[in-house]
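Student: No sequence on hand, only this structure:
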């Protein structure tokens, strides 16, 4: 088998960038995305799909993430969040991630898993940078914190055959409004948001033998946002 990579969430903002970059770097990419008809919240689908698709590496970029901007005025404060919506975040970002990682490990005797969390898994979103009193959904932060702990659990239980690491990115530029970008940038020592391509080198490192002694690690790429 050539150096093959499964990328879940391959059609998202970061997913498309990393897919293109790794393809140009010579990796054989297997794309997996809801927009391609793949439902990773369906355990029976996950079991069947991973039985048919083997790979050296699994990069998990799929996640539920409701963005707050001028075109999305429906995100509530914590007192208005429905428990069903909270459950949906946990089911997609944690339970389904566990299912995906487990089936990859079940069907690949050795390999490498790269999960993606968020800076909001390390610290709370600051409601002052969002519009009109709208808050980032609590389920997003709680689920992304869980991704970090799930990575550590899997790293212990899948060692030494499968390495598992977690990338924790900061906010990525994606046509956000100027007001939000300015407020975000004042909270970052780097005074800007991340460019989408700035994760490529780290992902390539984690897919290479250069990272052979890395497992259970957290790689924070946030321009210093979380050090304040």
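Tutor: Sure thing, it's come through. As the structure is a computational prediction, the values presented were derived from the model and not from experiment.
Student: When you work out contacts or count neighbours from here on, use the C-alpha atoms and nothing else.
Tutor: Fine.
Student: Confirm residue 166 sits in a strand?
Tutor: Yes. According to DSSP: H, G, I helix; E, B strand; the rest coil, residue 166 belongs to a strand.
Student: Any buried residues in the lengthiest helix in the chain, and which?
Tutor: The residue-count maximum for a helix in the chain (DSSP state H) belongs to helix 138-158. Across helix 138-158, burial judged by 16 or more other CA atoms under 10 Å covers 138-148, 150-152, 154-155, 158.
Student: Ok, stretch 45-55 next?
Tutor: Going by 16+ other CA under 10 Å, stretch 45-55 has these buried residues: 46, 47, 49, 50, 54, 55.
Student: which residues sit against the longest helix of the chain?
Tutor: Residues outside helix 138-158 that contact it (CA atoms under 8 Å, 6 or more residues apart in numbering) are 64-65, 78, 85-87, 89-90, 93-94, 98, 105, 115-118, 120-122, 124-125, 162-166, 215-218.
Student: what's the average pLDDT for that helix?
Tutor: Averaging pLDDT along helix 138-158 yields 98.
Student: In terms of helix, strand or coil, where does residue 128 fall?
Tutor: The three-state label given to residue 128 by three-state DSSP is helix.
Student: which stretches of the protein have low pLDDT?
Tutor: Residue ranges of the chain with pLDDT under 70: 1-2, 67-76, 132-133.
Student: could you pull out the helices for it?
Tutor: Remark: helices assigned in the chain by DSSP H are 13-24, 43-52, 83-90, 96-107, 138-158, 178-186, 200-206.
Student: With distance to residue 31 as extra columns, can I get those in CSV?
Tutor: Below are the helices of the chain laid out as CSV (distance: least, CA to CA, whole Å):
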stretch, distance to residue 31
helix 13-24, 8
helix 43-52, 12
helix 83-90, 22
helix 96-107, 14
helix 138-158, 21
helix 178-186, 31
helix 200-206, 16
